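[1] predicted model, plus sequence, below.
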Amino acid sequence: MSRDYPLEKVRNFGIVAHVDAGKTTTSERILYYTGMSHKIGEVHEGDTVTDWMEQERERGITITAAAITCFWNPSYMGEDTTSKHRFNIIDTPGHIDFTSEVKRSMRVLDGAVVVFDGVAGVEPQSETNWRYAEEAEVPRICYINKLDRTGASFEKSYDSILDRLSKKAVRLQIPIGAEDKFEGVIDLLNMKAYKFEGEMGKNVVAYDIPDNMMEEAKKFRAELVERIVEHDDALMNDYLEGKEISLDTLKKMLRKAVIGNHIFPVLTGSSLKNKGVQLVLDAVVDYLPSPLDVPAAKGTNPDTDTEEERPASDTAPFSALVFKLQVDPFVGALTFFRVYSGKLEAGATILNSATGKKERVGRMVRLQADKREDLKEVYAGEIGAFVGMKEVKIGQTVCAPENPIVLESIVFPEPVVSMRIEPKTKADQEKMGIALSKLSDEDPTFRVASDPETLETIISGMGELHLEILVDRMKREFNVEASTGKPQVAYRETIQGESDVEYKHIKQTGGRGQYGHVKIKMKPLQPIVEGEKIKNNVDREDHFEFINNIKGGVIPQEYIQPVKKGLKEAMERGVLAGFPMVDISVDLYDGSYHDVDSSEIAFKLAAMNAFQEAVQKAKPVILEPIMKLEVVVPEKFMGDVTGMINSKRGSIEAMGERGQAKVITAKVPLSELFGFTTQLRSLTEGRGVPNLEFSHYAVVPRNVQEEIVASRK
């Protein structure tokens, strides 16, 4: 069997936005216009295809990224079926607590449609998602949605994109009318106006630009053409000489600029009112990359440690990246993967290059949100899912056993909120362990740990809503009844000074004794300066640096690793309140050993005790997570809200305007923010909208540190 769609007609793209900008509504229109669903689902009615979890439908928000495949014939091609394109679309969540879904989706997508609310413009989560797209170098199209709403303004939203996201954005369309007078859009390249008629706006009708808008359209078209031609010297010369540049040439050049992340075209419409979505799909075909347009996937050969490339070709060796695990109520465990090169048949054997284990591929499916279609083969550039894979985790590479490769993995943010969880009955206890293990496999920002002192199970995540939904899923999907304790903050400990410590671990208990002797210097870990080379004797990991300065074998080589292991284990419990320690540099510079009594365990214990002693002398402090808080409120509540933020040890950084509302940006410790949303609602008659995202860790004030230490005793 050969592929049913040529690679240049495949588009893998995501729909990303701030919560409530209309992503899911846009996805539903796409499914309808591409013929994948015969009825448009609405978020407010709880019957959408991509929001298929009960928790999503109840809350009206997207929680998991849903993958859908559909086919689109550009609306300007008429009935010409040879021009059909295959779309693999991922509808991602907009809520900050589920930000990891966006991050992992960006890693496997070739392009993105970023949706903005026409009233609010750029919102906090739009910025976070944009940053993830920048990191992944994903080409983007901007779509200003909801132009039918009262207070909507295309120009204000467009200015907020230029101001807060990128100066590379440029109008590709302008709206005809706004709010309840919003009728259609003008395409500035074609210089045509479009309206959307028939059932659900299915018929795209082109007509002449209204006379009263001609001047404006000409002005913005000149601006657009100028931005396109500046990326090509020959075109620029033609343009300056006043030559007319053909539409085809402009389109090709714009495509090249979008793929190179030099231009972000801005389109507009109203998904709810069925206006403009088809033209967004046309723009995806015209300007977003196919798998052939993006650089070949890079990876490392685990056998030779050399860098290798995998081009998007069916004849190259098979390689794919696993980006999502999901427990499906009907078929069991689903493992989503993006194929970067080669093809794979059901029944073949693949290698998990992270673990070195081989696994046979049973069933493969392609998802239309919550429905599935069985696959015999998958090809380069496609997204599919394995059914019932046992050993594969998110971020791992699966590949052809004879051509192993490890593709670049996905890095996830650290969780910032923890809470205690315990099963209600003995029967729930066993089931809870299985449920937590499956949920943490699915979600890399959800961690499960056991407190060694209290033996309680602690779950950690990105926010209160994140943990609340996971506990709810345990109840519904795994029938586990559990009670949770008050959310706890993920504090850390570090040092602010330096110390020099010697420790001898000597034990004599008849027969062979224990002898380990180390001298260490400890100091705060400094960030690497750009371009600085790490020396050979320095072993640097996240938040920890080990420097081996042992000369002349005063400690034999086989005891160096146990010393490092002892130091790392000691970092797991700080000396002040038992929180994990971060950002510490330890220099092992001297010591001694005994021919008979020295052993790995003796040196490990010596290192652990030396570490504890060194920390005590190096001015230990507790660090707390600081959140970036943005509150949008009507002007009359400004004073009350700023007062409340100040009472929570917050520092206000900026005050601005968004439409008729005021925006307060502040940095506030997470420990002060539990229940903040409820307080804000009662203070602002339910009109204040908060947005939180993790910013950084900072040293807690002395009085707060004393309270934390006392509460942990």
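    That came through, no problem.
[2] could you identify the helix or strand that succeeds the longest strand seen in the chain?
    What stands out as the longest strand in the chain, according to DSSP state E, is strand 620-633. Per DSSP states H and E, the first helix or strand lying C-terminal to strand 620-633 is helix 638-647.
[3] what pairs with the helix or strand following that next one, parallel or antiparallel?
    Next helix or strand after helix 638-647 toward the C-terminus (DSSP H and E): strand 651-658. Using DSSP bridges, strand 651-658 pairs in its sheet with strand 661-669 (antiparallel).
[4] how about the next helix or strand along the chain from the partner strand: buried residues?
    Sequence-wise, the next helix or strand downstream of strand 661-669 (DSSP H and E) is helix 676-683. If you call a residue buried by 16 or more other CB atoms under 10 Å, then helix 676-683 has these buried ones: Phe676, Gln679, Leu680, Leu683. Bear in mind the C-beta positions are built from the backbone N, C-alpha and C, glycine included.
[5] which strands or helices does helix 676-683 pack on?
    If contacts are counted by 3 or more CB pairs under 8 Å, 6 or more residues apart in numbering; DSSP states H and E, helix 676-683 sits against helix 638-647, strand 689-699.
[6] quick one, which of those is nearest to Leu224?
    strand 689-699 (32.4 Å; CB to CB).
[7] for the closest one, name the packing helices and strands.
    helix 124-135, strand 620-633, helix 676-683.
[8] next secondary structure after that strand?
    The helix or strand immediately downstream of strand 689-699 is helix 702-712, counting by DSSP H and E.
[9] that older thread, as TSV, the helices and strands packed on strand 689-699 with mean pLDDT would be great.
    Shown next, in TSV, are these (pLDDT from 0 to 100):
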stretch	mean pLDDT
helix 124-135	78
strand 620-633	90
helix 676-683	79
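[10] my guess is Glu377 meets Leu344, correct?
    Yes: counting by CB atoms under 8 Å, Glu377 touches Leu344, with 6.7 Å between them.
[11] Ala606: what's its closest spatial neighbour, skipping adjacent residues?
    Nearest residue to Ala606 in three dimensions, chain neighbours excluded: Gly516, at 3.4 Å (CB to CB, 6 or more residues apart in numbering).
[12] thinking again about what came up before, report the distance from the longest strand of the chain to the chain centre.
    Offset of strand 620-633 from its chain centre (CA atoms, centre = their mean, to the nearest Å): 20 Å.
[13] what's the angle from that strand to strand 651-658?
    Here strand 620-633 points in a direction 20 degrees away from that of strand 651-658 (axes from the mean of the first three to the mean of the last three CA atoms, to 10 degrees).
[14] report the strands that pair with strand 620-633, each with its relative direction.
    Strand 620-633 is paired, per DSSP bridges, with strand 492-495 (antiparallel), strand 661-669 (antiparallel), strand 689-699 (antiparallel).
[15] what comes up buried for it?
    Across strand 620-633, burial judged by 16+ other CB under 10 Å covers 620-633.
[16] nearest to Lys564 among the residues you listed?
    Each of the buried residues of strand 620-633 was scored against Lys564 by CB to CB, and Pro620 proved nearest at 20.8 Å.
[17] now do the contacts for the closest one.
    Going by CB atoms under 8 Å, 6 or more residues apart in numbering, Pro620 touches Glu493, Thr494, Ile495, Gln496, Gly574, Val575, Leu576.
[18] then Val448?
    Applying CB under 8 Å, 6+ apart to Val448 gives the contacts Leu436, Ser437, Ser440, Thr457, Ile458, Ile459, Ser460.
[19] sitting in helices, which of the residues you listed do you find?
    If you go by DSSP state H, the contacts of Val448 have Leu436, Ser437, Ser440 in helices.
[20] out of those, which end up buried?
    Going by neighbour count (16+ other CB under 10 Å), those have Leu436, Ser440 buried.
[21] can you put the ones in helices among the contacts of Val448 in a markdown table and add distance to Arg712 and pLDDT?
    Shown next, in a markdown table, are the ones in helices among the contacts of Val448 (distance: CB to CB, whole Å; pLDDT from 0 to 100):
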| residue | distance to Arg712 | pLDDT |
| --- | --- | --- |
| Leu436 | 24 | 87 |
| Ser437 | 28 | 84 |
| Ser440 | 25 | 82 |
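[22] CSV for the ones in helices among the contacts of Val448, including distance to Pro295?
    Shown next, in CSV, are the ones in helices among the contacts of Val448 (distance: CB to CB, whole Å):
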residue, distance to Pro295
Leu436, 39
Ser437, 37
Ser440, 33
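[23] between the ones in helices among the contacts of Val448, which sits nearest Thr24?
    Nearest member of the ones in helices among the contacts of Val448 to Thr24, counting by CB to CB, is Ser440, at 26.0 Å.
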